[in-house]
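Colleague: Give me coordinates for this.
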Amino acid sequence: MDPFSQIIKLLKPQAIFWRVVEANDAWTISFRPTNIVVFGQLIEGTCHVEREDGICLDLEAGDFLLMAAPPNWTMNAFGGGTVAVDFQAVIENPGLLHSSARTTQVTRFMAGNFAFSAANRDLISTLMLPIVVVRGKEITADRLGALLATFGDEVTGDRPGRSLILDRLLELILIEALRYRPADIGDGRSSLLAGLADPKIGNALRLMHSDPKQPWTLAAIAHEVGMSRSAFASRFAELVGIPPIEYLSNWRMTLAKSALVSSEMPMIDIAEMAGYQSVSAFSSAFKRETGLSPTVYVKSLQVDSPT
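Modeller: So this is what the prediction gives:
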């Protein structure tokens, strides 16, 4: 399994909330800051998005938006309403955005958020920028374009099984949006996808992910991909954002976290997976990284998990 697929598998993405919102004429919706990943697709009309960090976007029908841990932000259409309406209030009372005028200009969009495995949800930051916009006009013939078209068709229909199909489509759309034009996603920023797009660094990542128990050294990995030690270390850090051995250590610990909460694997096997020869050495390293012992860490996730 390739590194991207491994991380997606560990993340276990799930669309836990989504709503179709319809608004008439001028309106403004305010959204509170959150530490999760939110998404939206404009189905009909146009709108303007503005975040308190200064990022502004204009969206057209078919455009898809992903934002990781966004600050306060607003959406509006046709100049915006006189008073911003909180999104939660809109969910509770959709009529807040409906105009009483006979002739109205309609905007319709889907909005929601994704949940990820509690043990590994921080991995999403390795795959995406804080904000990703996929323009519908640019991907008409693309796989993602086909998914978004199917998604829009399903949203506006009223077929049996609609909710189940939309949930599955959203998971696929998230994956495709994350890997959409990988060379451009990083936009100059270090990331896993930027590393995977480079032939030699991508090969190094695949080596580490395919055999994490191997006692890899910087020199050994550099030799495997045909680079000098110094050139490899520099290129890897430039593209991925951290040194190779630190990345390998983080990946081993990620696998250990996942095994702790989702398997019956003996602790010694988990320790070896993380590159340690004893449970005590692993436990000490684990506590240094998470602030908790492996046992307490598992209990904390059980308390944190949604019911």
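Colleague: Do you have the strands of the stretch 101-250 of the chain handy? List them.
Modeller: Secondary structure of the stretch 101-250 of the chain, counting by DSSP state E, counting those that start in this stretch: strands at 106-115, 131-134.
Colleague: Touching the longest one from outside, list them.
Modeller: Yep, that's strand 106-115 we're talking about. Under the criterion C-beta atoms under 8 Å, 6 or more residues apart in numbering, residues 13-24, 27, 34, 36-47, 75, 77, 87, 121, 151, 155, 170, 174, 306 lie in contact with strand 106-115. For the C-beta atoms, the positions are set from N, CA and C on the backbone; glycine is no exception.
Colleague: Show me the least confident stretch of the strands of the stretch 101-250 of the chain, going by mean pLDDT.
Modeller: Out of the strands of the stretch 101-250 of the chain, the stretch the model trusts least by mean pLDDT is strand 131-134, with a mean of 86.
Colleague: And for the residue lying closest to residue 254 once chain neighbours are set aside, the neighbour number?
Modeller: Sequence neighbours aside, residue 120 is the residue nearest to residue 254 in space, at 6.0 Å (criterion: C-beta to C-beta, 6 or more residues apart in numbering). Around residue 120 there are 19 other residues, counting by other C-beta atoms under 10 Å.
Colleague: So residue 120 versus residue 241, what's the distance?
Modeller: From residue 120 across to residue 241, the span is 18 Å (C-beta to C-beta, to the nearest Å).
Colleague: Nearest residue to residue 151 in space, please, no chain neighbours.
Modeller: residue 169 (4.9 Å).
Colleague: pLDDT wise, what is the one you found at?
Modeller: At residue 169, pLDDT is 86.
Colleague: And for residue 302?
Modeller: Confidence for residue 302, expressed as pLDDT, is 67.
Colleague: Which SSE is immediately downstream of the host helix or strand of residue 260?
Modeller: Using DSSP states H and E, residue 260 maps to helix 244-262. Next along the chain after helix 244-262, taking DSSP H and E as the criterion, comes helix 267-273.
Colleague: Now do that following helix, average pLDDT.
Modeller: 90.
Colleague: Can we start the residue count at 243 from this point?
Modeller: In the new count, where the first residue is 243, that last one comes out as helix 509-515.
Colleague: If you count contacts, what does that helix end up packed against?
Modeller: Applying 3 or more C-beta pairs under 8 Å, 6 or more residues apart in numbering; DSSP states H and E, one finds that helix 509-515 contacts helix 486-504, helix 521-532.
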